[in-house]
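1. Below: sequence and its predicted model.
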Amino acid sequence: MAVQKHLAVVGAGIVGLGIAWEAARRGHRVTVIDPAPGSGATFAAAGMLAPVSELYYQEEQLLALTLESARRYPDFLQGLGSTGHQTAGTLVAAFDAADRLALEDLRQAQLAQGLRVEQLTSREARRLEPALSPALSGAFLAPDDHQIDPRALSAALLDALAGAGAGIVRRRAAALARSGTGEVTGVVLDDGTRIAADETVMANGLGTALLDGLPASLRLPLRPVYGDILRLRVPQALRPLVRLTVRGLVRGLPVYVVPREDGTVVIGATSREDGADAPSAGGVYQLLRDAQALVPAVAELQLEETTCRARPGTPDNAPLLGRVAESEGDVPGLLVATGFFRHGVLLAPAAARVCADLAEGLPVPAELLQFRPDRFSTSMEGSQR
């Protein structure tokens, strides 16, 4: 095993907790720093582990990373308690003829990438999920797409980290601590406390760019992308409403219905950049309208919760992941893992592997290193290292 190090992980969403968990499992000492663990984007996330159906967003540059991360999920969950992990697959449905054509284009793109999808007639789709609307125009099945409950996962990770002796510091990190030679030596908390560390991992989403002490040349162009999420309870007489995760296009707009083991479903898919950090009335209306178009019985569910959280987006919608370079090379002691946008839960195992391997000085496959956090910095423009 590598020499034991102390990792300070700033941010306790799924990504930060996942990095801490991987490091702890490898025998390293870990301190996680976050004033409210699991309360950010993780709290709102639907938890779809869906590299196949996520190809809808035409982010092919992420496919190798998302597939690798999905493949690593079973190992990532070893040693954890209940996480709500379900492997039933995802059914993707089209509402009208135009939606059916868009889904067929998606299916062809998936097949071209060698992904496993099964075309279904509307009748076959309703045989799998009887609650689906008879008006749907077509569907396909992505059997390898899974889902997990991010709230249960974050709780399980916190419990496992506590059991492994990790420290959980419920304070805000205010600045990086740096030596006279520029090496990052830990973090300074908002109360002035210093936490020394061999490696400091910045995994606190939008807050990463706001931390004092970052390298002067580093540009982290993060933007808040808000999403409205609904949680509804299914009456006993209607359970299970759906067994598979149901994703669909309704008049060109995406929507999903994700079943939970506790008898609730999660509905979402809105994406807006209007700066409003509260649920949007229009977004809630759109989600309920379009979810009912796919699954009419949604109208009979009990609305329990509306949530809105900001996800950290980047100009190319890909994460900022890895070490940071300055003019003389990588900044010692500093790792960045942010900008995961809608893929934070899915990419947690990949981010954990990259950060743990880099901390140990191990080689990392090129496909996992193509999203360096400094790729938008002036010194890195035009040259991807």
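-> Alright, I've got the coordinates.
2. Show me the helices in the chain, by range?
-> Taking DSSP state H to define them, one finds helices in the chain at 14-25, 41-44, 63-76, 97-112, 122-128, 150-163, 281-294, 344-360.
3. tell me the most buried of those?
-> When you average the neighbours per residue for each of those (mean count of other Cβ atoms under 10 Å), helix 14-25 leads with a mean of 28. Where C-beta positions appear, they are placed from N, C-alpha and C, glycine not excepted.
4. That one packs against which elements?
-> Secondary-structure packing of helix 14-25 (3 or more Cβ pairs under 8 Å, 6 or more residues apart in numbering; DSSP states H and E): strand 6-10, strand 29-33, helix 63-76, helix 150-163, strand 329-338, helix 344-360.
5. can you do 7 Å?
-> Using 3 or more Cβ pairs under 7 Å, 6 or more residues apart in numbering; DSSP states H and E as the contact criterion, the neighbours of helix 14-25 among helices and strands are strand 6-10, strand 29-33, helix 150-163, helix 344-360.
6. which regions of the stretch 201-350 of the chain lie under the pLDDT threshold?
-> Counting by pLDDT under 70, the stretch 201-350 of the chain shows low-confidence ranges at 326-329.
7. which residue ranges form the strands in it?
-> Using DSSP state E, counting those that start in this stretch, the strands of the stretch 201-350 of the chain run over residues 223-233, 245-250, 253-259, 264-268, 302-313, 320-326, 329-338.
8. closest to residue 187 out of the helices of the chain?
-> Among the helices of the chain, helix 14-25 comes nearest to residue 187, with 12.8 Å by Cβ to Cβ.
9. Not counting its own residues, what contacts that closest one?
-> Contacts made with helix 14-25 from outside it, assessed by Cβ atoms under 7 Å, 6 or more residues apart in numbering, are listed as 7, 9, 30, 32, 34, 42, 76, 150, 153-154, 157-158, 160-161, 164, 166, 201, 203-204, 337, 340, 344-345, 348-349, 351-353, 355-356, 359.
10. check contacts around residue 69.
-> With the criterion set at Cβ under 7 Å, 6+ apart, residue 69 makes contact with 346-347, 349-350.
11. That should have said residue 110, apologies.
-> Counting by Cβ under 7 Å, 6+ apart, residue 110 makes contact with 52, 55, 117.
12. And this structure, what are its domain boundaries?
-> Recorded structural domains for the chain (assignment: automatic domain parsing) are 6-44+151-222+316-380, 90-143+223-312.
13. Point out the most buried one among those domains.
-> Burial among the domains of the chain, expressed as mean neighbours by mean count of other Cβ under 10 Å, is greatest for domain 6-44+151-222+316-380, which shows a mean of 20.
14. So which residue is dead centre in this structure?
-> For the chain, the residue sitting closest to the mean C-alpha position, by Cα atoms, centre = their mean, is residue 344 at 1.6 Å.
15. Look up how far residue 17 lies from that residue.
-> When distance is defined by Cβ to Cβ, to the nearest Å, residue 344 is 11 Å away from residue 17.
16. got it, and residue 93?
-> From residue 93 across to residue 17, the span is 33 Å (Cβ to Cβ).
17. surely residue 250 meets residue 292?
-> No: applying Cβ atoms under 7 Å, one finds residue 250 not in contact with residue 292, separated by 9.3 Å.
18. Quick check: residue 271 touching residue 227?
-> Yes: taking contacts as Cβ under 7 Å, residue 271 lies within contact range of residue 227: 5.7 Å.
19. what's near enough to touch the nearest residue to residue 11 once chain neighbours are set aside?
-> Taking Cβ to Cβ, 6 or more residues apart in numbering, and ignoring the residues beside it in sequence, residue 11 has residue 204 as its nearest neighbour in space, at 3.2 Å. By Cβ under 7 Å, 6+ apart, the residues touching residue 204 are 10-11, 16, 34.
20. just those residues now: which is nearest residue 122?
-> Closest to residue 122, out of all of the contacts of residue 204 and judged by Cβ to Cβ, is residue 16, at 42.6 Å.
21. out of the strands of the stretch 201-350 of the chain, nearest to residue 62?
-> Proximity to residue 62, assessed across these by Cβ to Cβ, is greatest for strand 320-326 (11.1 Å).
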